[in-house]
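1. fold the following.
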Amino acid sequence: MGSKDAFFCTFCSLLLFCFSSKCLSSELDLPQTALVEVDASWEVSRKIPDTLFGLFFEEINHAGAGGIWAELVSNRRFESGGPHTPSNIDPWSIIGDESSIYITTDRSSCFSKNSVALRMEILCENCPAGGVGIYNPGFWGMNIEEGKTYNLVMYIRSLESVELTASLTCSDGMQNLASVSIQEIDPSNWTKIEMQLLAQGTCRTSRLELTSMKRGVIWFDQVSLMPSDTYKGHGFRKELIYMLLELRPQFLRFPGGCFVEGDWLRNAFRWRETIGPWEQRPGHFGDLAEDLGAAPIWVFNVGISHHDEVDTIIIEPFVKDVLDSLEFARGSAESTWGSVRSAMGHPERFPLKYVAIGNEDCGKEFYRGNYLKFYDAIRKAYPDIQMISNCDGSSRPLDHPADLYDFHVYTSAANLFIMKNKFDRTSRIGPKVFVSEYAVNEQRDAGKGSLLASLAEAAFLTGLEKNSDVVQMASYAPLFVNDNDSTWNPDAIVFNSWQQYGTPSYWVQTYFRESSGSVIHPITISSRYSDSLAASAITWQDSEDIFLRVKIVNFGPNAVNLTISSRGLQDGVNTAKSTVVPVESELPNAAEVMEAVLPPFSFTSFDLALDQYSKLVAEM
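-> As a prediction, the model looks like this:
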């Protein structure tokens, strides 16, 4: 078993051990009792917004570069050392010694917006076996798998003919997985080289090598290595995208957060620089690699330009030319910027419906004045787009117009559990709520993802469901973390170059994925222990059946003997199709009145299959 295998198994074992030990200690206490009553009558129920739960993607923790974007080469344009040369080329390194090879950078690239190129001078007449050159380890090792092909693209130039070998080897350089030679090419001008490498073995920590045995000088630029097998051919890691799709998101918020603002005005996000061929696009301050994708829109070079799976898009404009960026997304294929989008292969308009003006900026001196400039200009040009303010309107009315306001909360597990009632008394008149960032992040509660944190988040989400007449959208943050570079913990999905898993927070979200567009029912809890319980009830429909789902969080140390009573059902309960999750099992006692036991520190979801209920859902 390798070290990564041990890490993942240890995580699972610790989670089970913590859960089991709390169950064991609670057995010494007498169980509590609770009655949960659900009023499923149609007169008191209402539809949840279709957009309630979605995703927030931000470039943090190598979420994009070295994450969902499948590019294997890190610093593929040699620009991460800055525009001044000579510069460092990390993580590129040399193969050979100072007597056989000399590496530097200069500004000789043919790409004006990425002028830095790497100059490799081979000094040896009789080079060692295998040659000398450079290698790139990618993002903590490239995952190369036997039988798969990898597309190599690079630009080279030389004053004489070139003899070059491109290889994929294991990290120590000893095991050769794939190799292809470039012979007798005379690239007196910059020449694009494209080839495929077929892996003859598997190594999780591989590297790309570019070597030669011929004395001379070769310039390199724009060196890219991509797996040929990506999600729908878009360039995304399939396994990570599949985890996102499992959440069935109803909207996508991006580029997201502080990344788009930059530390200073000079390195704020510039959307125009993210369109066009990837070789022509400059990097962005704060990118974890200086370029992250192909055919992007304004999502900082990560290539998120296909939204087949998401119905609603939100952007955050921090540039004076916001209207041009909106025309790029929403304009006709004949408009100035819509035609640019169309030329990039996407004549259809993007379903952009919301614009968030700023990110956590409400307390800044000039926010309101600048906000109104954006608001007025966007409203005039696109009256249907809904504007999102950074200012919190949950306790008192906003002093400026907005369709929604952005609410962020990072706190302890106990505080977030209490916040399940946060929006109970929020005014139903005026802007709606967008909870675009929420998580338990206090280290002692959350760690790198914990059961306790996820239970508090589940309780908070039941509160959002019940208050979905005023809460329109919500998304967890951060979404991704590369286990090799944890800038922020915890996160929903943890990954390395070849493995991935969902933290408890991720799995809790999977039990709310059916909530968007479903029907919410009033629910009451009667118990002396009610301060440790949170619950919600929805009716949802899959392709075949209708279910009454009752979700209950037990945030306390005692087991609970629970009675669930449902009244107002239009039809009976189908016992054979009823289940209890997260550990999925049949629910043999499913009925309008039923009993169950809630383990301490647990999240339980009961799905009661209903008979012939779909017509009422459709009519609502």
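2. which one is His400 nearest to, not counting chain neighbours?
-> Arg368 (5.7 Å; C-beta to C-beta, 6 or more residues apart in numbering). C-beta here means a position set from N, CA and C on the backbone, and glycine is covered the same way.
3. that neighbour: how many residues sit nearby?
-> 17 (other C-beta atoms under 10 Å).
4. Asp229 now?
-> 13.
5. in contact with it: list those residues for me.
-> The neighbourhood of Asp229, defined by C-beta atoms under 8 Å, 6 or more residues apart in numbering, consists of Lys148, Thr149, Lys238.
6. which one of those is nearest to Asn558?
-> Ranked by distance to Asn558 (C-beta to C-beta), the contacts of Asp229 are led by Lys238 at 43.3 Å.
7. Trp69 versus the nearest residue to the closest one once chain neighbours are set aside, what's the distance?
-> Leaving aside its sequence neighbours, Lys238 sits nearest to Tyr231 (C-beta to C-beta, 6+ apart; 4.6 Å). From Tyr231 across to Trp69, the span is 11 Å (C-beta to C-beta, to the nearest Å).
8. hey, what's in contact with both of those two?
-> Arg237.
9. circling back: mind listing what the residue nearest to Lys238 touches?
-> Arg237, Lys238, Ile241, Tyr242.
10. ditto for Asp384
-> Per C-beta under 8 Å, 6+ apart, neighbours of Asp384: Lys353.
11. now do it, the pLDDT please.
-> Note on Asp384: pLDDT of 95.
12. phi, psi of it?
-> Dihedral angles of Asp384 (phi, psi; degrees, to the nearest 10) stand at phi -90, psi -20.
13. please apply the same query to Ile418.
-> phi -60, psi -30.
14. count the residues that sit near it.
-> A count of nearby residues for Ile418, using other C-beta under 10 Å, gives 18.
15. tell me how far it lies from Ser412.
-> For Ile418, the distance to Ser412 equals 10 Å [C-beta to C-beta].
16. so, low pLDDT: which residues of the chain?
-> The model of the chain has pLDDT under 70 over residues 1-29, 256-257, 259-269, 283-320, 571, 578-582, 611-620.
17. ok, longest strand in it?
-> The single longest strand within the chain, with elements called by DSSP state E, is strand 216-227.
18. quick one: contacts of the following helix or strand past that one?
-> Next in sequence after strand 216-227, counting helices and strands by DSSP states H and E, comes helix 238-246. Contact partners of helix 238-246, identified using C-beta under 8 Å, 6+ apart, comprise 55, 67-68, 229-231, 309, 479-480, 493, 495, 500, 502, 506, 510, 513.
19. which residues touch Ile103?
-> Ile103 makes contacts with Ile89, Ile94, Leu118, Arg119, Met120, Glu121, Ile134, as judged by C-beta under 8 Å, 6+ apart.
20. and the third one, helix, strand or coil?
-> In this case it means Leu118. strand (DSSP: H, G, I helix; E, B strand; the rest coil).
21. show me where the stretch 301-450 of the chain has strands.
-> For the stretch 301-450 of the chain, the strands defined by DSSP state E, counting those that start in this stretch occupy 313-315, 352-356, 386-389, 404-411, 432-440.
22. buried subset of the contacts of Tyr231?
-> The neighbour count (16 or more other C-beta atoms under 10 Å) marks Arg237, Ile241 as buried among the contacts of Tyr231.
23. nearest to Pro31 among the contacts of Tyr231?
-> Using C-beta to C-beta, the contacts of Tyr231 come closest to Pro31 at Tyr242, 39.7 Å.
24. tell me the spacing between that closest one and Thr411.
-> Distance, Tyr242 to Thr411, by C-beta to C-beta: 31 Å.
25. same question, Ser206
-> 41 Å.
26. those two: which has the busier surroundings?
-> Ser206 (30 against 18).
27. quick one: contacts for the closest residue to Lys113 other than its chain neighbours?
-> Of all residues beyond its chain neighbours, the one nearest Lys113 is Pro282 (4.4 Å), with distances taken as C-beta to C-beta, 6+ apart. Listed by C-beta under 8 Å, 6+ apart, the contact partners of Pro282 are Glu79, Lys113, Asn114, Glu273, Glu290.
28. how about Gly568?
-> Neighbours of Gly568 in contact, by C-beta under 8 Å, 6+ apart: Asp39, Ala40, Ser41, Trp42, Val44.
29. that older thread, between which two of the contacts of Ile103 is the distance greatest?
-> Farthest pair in those, by C-beta to C-beta: Ile89 and Glu121, 14.1 Å.
30. compare these two and say which is more crowded by neighbours.
-> Ile89 (21 against 13).
31. buried residues in stretch 597-616?
-> For stretch 597-616, by 16+ other C-beta under 10 Å, it's 598-610, 613, 616.
32. chain center to it, what's the gap?
-> 29 Å (C-alpha atoms, centre = their mean, to the nearest Å).
33. all helices of this structure, in order?
-> 3-26, 238-246, 322-330, 336-343, 367-381, 413-418, 443-446, 451-466, 504-510, 614-619 (DSSP state H).
34. which of those helices is buried the deepest?
-> Stretch with highest mean neighbour count among these: helix 451-466 (a mean of 25; mean count of other C-beta atoms under 10 Å).
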